[in-house]
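Compute the structure for the input listed below.
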Amino acid sequence: MKIAKLIVALATLLPAVSHGAAGMFDQFVFTSTNGGALAFYDTGAATANPNFQGTVLGTYNRFTDTLAVGGQQKSYKNNGTDVTSHSTFWRITELGGGFTSVTMPFQFNIGGGGDQQWGGDSQGANINPIEISSNVFAGLLNGAWTLEVYSQITTNGVNEAATHFTNNGGANYKATFTLTPEPSRMMLLGFGLIGLMFRRRR
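Numbers count the residues shown, from 1 in each chain. Sure thing, here's the model as predicted:
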C-alpha cells in the first residue's frame, strides 16, 4: 500500500520535473528583400520552409538592393514562470563584434495553457508596421558574406532561467549572400579607365 501511494505521488510530480517552466518551439527567421514579401526559414522548427542554416540567400546589388531580417516563434510557460520578451539577434559573421537585436512583439495566445506566439511579422493585430532590422547590406563591400542569427526569450526568473536561446548549439544559424556592384557603375568605371588611358597616351 505504501509503495502504491509512493508511485502515485511520484506520478503527480513527473510533469513538473520532466518539463521546463518556460521554453521556445517553432522558431523562424524571416527576411525581406527590397521591402517586399517576407521569406520564412526554419531555425528551431521542422516545416515546409527551407532551413536558414546553410541557405544561400542570393546575389544582390549592394548599391540598389536591401535585405532586412526579423523573426517569429512560439513559447510556453507554466509553474509561475512568465515569458516577458522575445528577440532575434543578427550580425555579419565576417565583421565579428556584437549582435543587433530585433524585437518580436507578442501576437496572441495559443489555447489556454500558457502557449503564445510572438513575432515581428503582421500576424498579430498589434504589429503595424512589422518589426524588422535595418538594411543588412549597409556598409558592406562587394563579395561573399554570412548572415548569422539566433533567437532568445527572457523570463521573470521564477522556476526558470532568466534567458533561453535557440542558437544551434552555440554555433548560431548562418546563411550566405553575395554583393556585386551595380552594372551601370561598373560600365562608367570602365569608360573612365579607358578615357584615362587615352589621356596618358596623348
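
middle-most residue in the protein, spatially?
V29 (3.9 Å; C-alpha atoms, centre = their mean).

Could you verify my assumption that A175 touches G58?
No: the pair A175 / G58 is not scored as a contact, 9.8 Å apart, by C-beta atoms under 8 Å. Backbone N, C-alpha and C define where each C-beta goes, glycine included.

For those two, list the residues in contact with both.
Counting by C-beta atoms under 8 Å, 6 or more residues apart in numbering, no residue touches both A175 and G58.

Neighbour count for these two, which is higher?
Between A175 and G58, counted using other C-beta atoms under 10 Å, the more crowded position is A175 (22 against 13).

strands paired with the strand or helix carrying the more buried one, and their directions?
Taking DSSP states H and E as the criterion, A175 maps to strand 173-180. If you go by DSSP bridges, strand 173-180 pairs up with strand 56-61 (parallel), strand 143-155 (antiparallel).

could you give me the average pLDDT of the first one?
For strand 56-61, mean pLDDT is 98.

same deal with stretch 68-80?
The model assigns stretch 68-80 a mean pLDDT of 96.

Name the residues of it that come out as buried.
For stretch 68-80, a neighbour-count test (16 or more other C-beta atoms under 10 Å) marks A68, V69, G70, G71, Q72, Q73, K74, S75, Y76, K77, N78 as buried.

Now flag whichever of those is closest to A22.
K77 (4.6 Å; C-beta to C-beta).

is that closest one in a bridge, and if so with what?
A22.

Return the residues in contact with it.
So K77 contacts A21, A22, V83, G114, Q116, T155 (C-beta under 8 Å, 6+ apart).

By neighbour count, which of the residues you listed wins?
Neighbour-wise, the contacts of K77 (other C-beta under 10 Å) top out at A22, 26 neighbours.

Okay, now the unreliable bits of the protein?
1-19, 182-202 (pLDDT under 70).

Now do the helices in the protein.
Taking DSSP state H to define them, one finds helices in the chain at 2-18, 183-201.

what is M104 paired to in the beta sheet?
Under the criterion used (DSSP bridges), M104 bridges to H86.

Pretty sure it sits against F89.
No: M104 is beyond contact range of F89, at 10.8 Å (criterion: C-beta under 8 Å).

what do these two both touch?
S151.

of those two, who's got more company?
M104 (28 against 20).
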